[in-house]
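Asks: structure of the sequence below:
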Amino acid sequence: MINHIPVLGLLFGILLLIFGIWRNSEEIKRVSLGIFAIVAVATLPVFLTGEPAEEIVEHLPGVEHAIVEEHEETALIAFIAIAILGICAMGTLWRYRRAEAIPTRLIVAGLIISIFVCGLMVWTADLGGKIRHSEIRPQLSP
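Replies: Numbering: from 1, shown residues only. Here you go, the predicted model:
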């Protein structure tokens, strides 16, 4: 269940940030940056449970080792990316904690980076789903 936090949390944060930009609401923009930081921290247990989960599923019928390895490699990249996003979000909130507004260039950069990281998380989740759900794996032509 916790595996859904990175994707859904980032998606919620992105939508909230877009809404904050649209409404020109500094409070909503700050909350969305806070969500990015919280989701980054919440992703740590998701990442750390990957290895124990691999030990459980690697010997099950229908599990292909290549898919598990690809998911593992992608998960590392996605985890590093979300950690960077979380650190940047917290740094921005800290740096501009007393300012009336966070500079627009930082908000736009945060939006672009968060969309990129969300894409990485979706890709990682898709690969993870293919480990146990053979029906979503690409089929080889006969």
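Asks: return the one helix or strand in the chain whose mean pLDDT sits lowest as CSV; C-alpha atoms alone will do.
Replies: When each helix and strand of the chain is scored by mean pLDDT, DSSP states H and E, helix 50-57 comes last, with a mean of 83. Below are the C-alpha coordinates for helix 50-57, written out as CSV (Å, rounded to 0.1, in the frame of the first residue of the first chain):
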residue,chain,number,x,y,z
GLY,A,50,12.2,-3.0,-2.0
GLU,A,51,15.1,-5.4,-1.2
PRO,A,52,13.0,-7.5,1.3
ALA,A,53,10.2,-7.6,-1.2
GLU,A,54,12.6,-8.9,-3.9
GLU,A,55,13.7,-11.7,-1.6
ILE,A,56,10.0,-12.8,-1.3
VAL,A,57,9.0,-12.6,-4.9
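Asks: just checking, what packs against the helix or strand that it is followed by?
Replies: Next helix or strand after helix 50-57 toward the C-terminus (DSSP states H and E): helix 65-95. Judged by 3 or more CB pairs under 8 Å, 6 or more residues apart in numbering; DSSP states H and E, the packing partners of helix 65-95 are helix 5-23, helix 26-48, helix 50-57, helix 104-132. Glycine gets a C-beta too; all of them are placed from N, C-alpha and C.
Asks: turn these into TSV, columns for distance to R98.
Replies: Compiled in TSV, the helices and strands packed on helix 65-95 are given as follows (distance: least, CB to CB, whole Å):
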stretch	distance to R98
helix 5-23	19
helix 26-48	12
helix 50-57	39
helix 104-132	15
